[in-house]
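[1] Got a predicted structure plus its sequence, pasted below:
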Amino acid sequence: MATARAESALAAAVRADGDVKLIPYLMAGYPDRAGSVELGRMYARSGAAAIEVGIPFSDPLADGPVIQRAGQAALEGGMTTAGALAVAADVAATGVPVVLMTYVNPLLAYDARRFAADAVRAGVRGVLLVDLPPEEAGSILDWLRSAGLDTVFLVAPTSPDPRIELAAAASSGFLYCVTVTGVTGIREDLDPRLERLLASVRRLTDLPVAAGFGISRPEHVKALRGQADAAVVASVLLNEVQEGRDPQPLFEGLVNGWR
């Protein structure tokens, strides 16, 4: 197991205390700027341990159709990286830790050093770069860490132990365990390989562990109890918005309905 480290505020917020914490995802600028901020405020009121704020990107390789539609709509509505940082600031004002989820290209286009500084000014706690391998993080990781931001890297059911150790060493807020070998989306069942992945991660790091991609039902959250600290919920919530429904009842059901 990796050497114990001082726990950050984000890690402390996400770490389980006998239950499974919920980390909802919202797309900055979807359904519009004000709507995305209000979603963040609602999630904060409804028991979110942390909130992921996505920065829309034109080539989101890890995202399934629900998140892709939200990102495209946000871009067409004029949302930018700077605008997403402003949304993150409004959501962070709730006091719930905010994690920015983005891809490398938007960060590089903005300038990594400037991005890190502006994220801190916005009150952001951490950054998750979906397509950045830890062995290639280099100066980007340095800028984020030197600014005081937590970093979050991903592992998958196919990740061998050395890969898990590498991702854990580059992470500080939590380690993100992808539940499937595929893109985000609503799913009926969790991959049976997830249990083995979570056991390996627990053996190899003392970081809090979050599971995401496909978490859609209270029984999914219940299945993570004792294995993961938190569940990231995205597509199923965004789908409620896209269908014209209020996602609050569904989110509160995920927070409370599995116990």
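    Structure's in. What do you need? Numbers count the residues shown, from 1 in each chain.
[2] Can you show me the helices along this structure?
    9-14, 33-45, 65-76, 81-92, 104-110, 112-121, 138-146, 161-170, 194-204, 218-223, 235-242, 248-256 (DSSP state H).
[3] wait, what's in contact with the residue lying closest to residue 156 once chain neighbours are set aside?
    Spatial nearest neighbour of residue 156, excluding adjacent residues (Cβ to Cβ, 6 or more residues apart in numbering): residue 178 at 4.5 Å. C-beta: built from backbone N, CA, C; applies to glycine. For residue 178, the contact set (Cβ atoms under 8 Å, 6 or more residues apart in numbering) comprises 154, 155, 156, 157, 211, 212, 213.
[4] Could you do residue 129 as well?
    102, 103, 104, 107, 137, 140, 151, 153.
[5] Recalculate using a threshold of 7 Å.
    102, 103, 104, 107 (Cβ atoms under 7 Å, 6 or more residues apart in numbering).
[6] sorry, back to before: make CSV from the helices of the chain and add mean pLDDT and mean neighbour count to it.
    CSV is the format used below for the helices of the chain (pLDDT from 0 to 100; neighbours: other Cβ atoms under 10 Å):
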stretch, mean pLDDT, mean neighbour count
helix 9-14, 95, 21
helix 33-45, 98, 20
helix 65-76, 93, 20
helix 81-92, 98, 22
helix 104-110, 94, 16
helix 112-121, 97, 18
helix 138-146, 93, 16
helix 161-170, 94, 17
helix 194-204, 90, 17
helix 218-223, 84, 18
helix 235-242, 93, 21
helix 248-256, 91, 18
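[7] Ok, which of those helices comes nearest residue 54?
    helix 65-76 (6.9 Å; Cβ to Cβ).
[8] who's residue 211 bridged to?
    For residue 211, the beta-bridge partners under DSSP bridges are residue 177, residue 231.
[9] Surely it is in contact with residue 221?
    No: using Cβ atoms under 7 Å, residue 211 makes no contact with residue 221, being 9.2 Å away.
[10] Report the set of residues contacting both of those two.
    With Cβ under 7 Å, 6+ apart, residue 211 and residue 221 have common neighbours residue 231.
[11] ok so, going back, how about the contacts of residue 178, which pair is most distant?
    So, the contacts of residue 178 by Cβ to Cβ: farthest apart are 157 and 212, at 12.7 Å.
[12] between these two, who's got more neighbours?
    residue 212 (24 against 18; other Cβ atoms under 10 Å).
[13] And the closest residue to the more buried one other than its chain neighbours, how far from residue 137?
    Closest residue in space to residue 212, ignoring its immediate chain neighbours: residue 232 at 3.1 Å, by Cβ to Cβ, 6+ apart. Computed with Cβ to Cβ, to the nearest Å, the distance linking residue 232 and residue 137 is 21 Å.
[14] Equivalent analysis for residue 24, please.
    For residue 24, the distance to residue 137 (Cβ to Cβ) stands at 26 Å.
[15] Between the two, which has more neighbouring residues?
    Legend: neighbour count by other Cβ under 10 Å for residue 24 and residue 137, higher for residue 24 (28 against 18).
[16] Spit out the contact partners of residue 98.
    51, 53, 88, 91, 92, 123, 124, 125.
[17] And residue 117, by the same measure?
    Residue 117 neighbours (Cβ under 7 Å, 6+ apart): residue 147.
[18] and with 10 Å instead?
    For residue 117, the contact set (Cβ atoms under 10 Å, 6 or more residues apart in numbering) comprises 111, 143, 146, 147, 148, 149.
[19] now those residues in TSV, with distance to residue 132?
    Output for these, formatted as TSV (distance: Cβ to Cβ, whole Å):
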residue	distance to residue 132
111	16
143	12
146	17
147	16
148	19
149	14
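[20] Among those, which one sits closest to residue 37?
    residue 149 (20.9 Å).
[21] for that closest one, phi and psi?
    phi -90, psi 140 (degrees, to the nearest 10).
[22] same deal with the one 10 residues further on?
    When quoted as degrees, to the nearest 10, the phi and psi of residue 159 stand at phi -70, psi 120.
[23] since we're on it, how many residues are nearby?
    19.
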